[in-house]
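Asks: with the input below, show me the fold.
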Amino acid sequence: PPPLPADQQAAAHHAIPAPDPALLEDSPAGPLPRIAADGRQPRQAYARPFDRADTRPRIGLVVREAPEAALRRLPPTVALAYAAPPPPLLAQARARGMETLLALPANLDAAALDSSLGRFAGYVGVLAGRHAEAVQDALRARGLLYLDPGPGDGAPFQAWGRTADLTLEDAPTRGEVDRQLALLEQRARDTGSALGILPPSPSGFWLDRVAGWAATLPERGLVLAPVTAMIRRPASAQR
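Replies: Have a look, this model is predicted:
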């Protein structure tokens, strides 16, 4: 893939901190994220820095179950979502400054949430299908953001986060990949921001197409932003 633009190169060394004991609580399911006694929240403590005064249309990308190659080929602004990643891969992601998310199973209820949240530590939030308000309440109480991969408008009702604008599908041709990325780009121009979810475990072909496209965003007046710079207030707090 082509080299990163100058603004992405300058930001490429913002490592994500290692899991902070103050942001964890012990449980039978493992260490669970929590809001620290001083008010710090995981969605903020493990976020990649971003200039929020940047007025360019923003595009955020999340890769589900990203292979190790994604850490090398994609810009560090891209977020990674895993159900249970190997610790060495998480360490590599943090070193590159890539935000991580916990991928939750579908139809998870609040009673079973802790068993999933303890799988690993140091993530900014979760990527999950449409879940009940009780689950969103629990995530918000732990200082986590909530991304819904099902395309839709607006923010989740109870939690900080947003729904995806486009869930990209695995495509065998360059033209189809480019068409989907163009749709995401147009959404960002039309509304000011767009969040795209890449297919699980994308191939090297996909990674190279996305990396090449992302490298040209600044010259077209857009910016690739971390997911923590894309979230919205809960819909319940906007009433």
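Asks: next one: phi and psi at the residue with the largest distance to the centre of the chain?
Replies: Most distant residue from the mean C-alpha position of the chain: P28, 26.9 Å away (C-alpha atoms, centre = their mean). The phi/psi pair for P28 (degrees, to the nearest 10) reads phi -60, psi -20.
Asks: which pLDDT value belongs to it?
Replies: According to the prediction, P28 has pLDDT 89.
Asks: measure it to L89 for me?
Replies: Distance of P28 to L89, computed by C-beta to C-beta, to the nearest Å: 25 Å. (Each C-beta comes from the backbone N, C-alpha and C, glycine too.)
Asks: and after the helix ranked longest in the chain, which helix or strand comes next?
Replies: If you go by DSSP state H, the chain has its longest helix at helix 174-191. Scanning forward in sequence from helix 174-191 by DSSP states H and E, the next helix or strand is strand 193-198.
Asks: okay, now the unreliable bits of this structure?
Replies: Applying pLDDT under 70 to the chain flags the ranges 1-13, 151-157, 235, 237-239.
Asks: hang on, P199 packs against V62?
Replies: No: taking C-beta atoms under 8 Å as the definition, P199 is not a contact partner of V62, at 10.9 Å.
Asks: who has more neighbours, the two?
Replies: It is V62, of P199 and V62, that has more neighbours when counted by other C-beta atoms under 10 Å, with 24 against 16.
Asks: in contact with that one, which residues?
Replies: 78-81, 101, 127, 147, 149, 164, 195-198, 227 (C-beta atoms under 8 Å, 6 or more residues apart in numbering).
Asks: give the bridge partners for it, please.
Replies: Per DSSP bridges, the residues bridged to V62 are A79, I197.
Asks: picking up where we left off before, now for the longest helix of the chain, which elements pack on it?
Replies: On a contact count with 3 or more C-beta pairs under 8 Å, 6 or more residues apart in numbering; DSSP states H and E, helix 174-191 meets strand 58-64, strand 166-167, strand 193-198, helix 204-215.
Asks: tell me the angle that helix makes with strand 193-198.
Replies: 150 degrees (axes from the mean of the first three to the mean of the last three C-alpha atoms, to 10 degrees).
Asks: got a list of what V126 touches?
Replies: Contacts for V126 (C-beta under 8 Å, 6+ apart) come out as L101, L102, A103, L104, L117, L139, L144, L145, Y146, L147.
Asks: what helix or strand is it on?
Replies: strand 125-127.
Asks: what about the helices in the chain?
Replies: Under DSSP H, the chain gives helices at 6-10, 42-45, 68-73, 87-96, 113-117, 133-141, 174-191, 204-215.
Asks: want to throw the helices and strands packed on helix 174-191 into CSV with distance to G39?
Replies: Below are those laid out as CSV (distance: least, C-beta to C-beta, whole Å):
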stretch, distance to G39
strand 58-64, 25
strand 166-167, 34
strand 193-198, 27
helix 204-215, 34
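Asks: fine, thanks again, bye for now.
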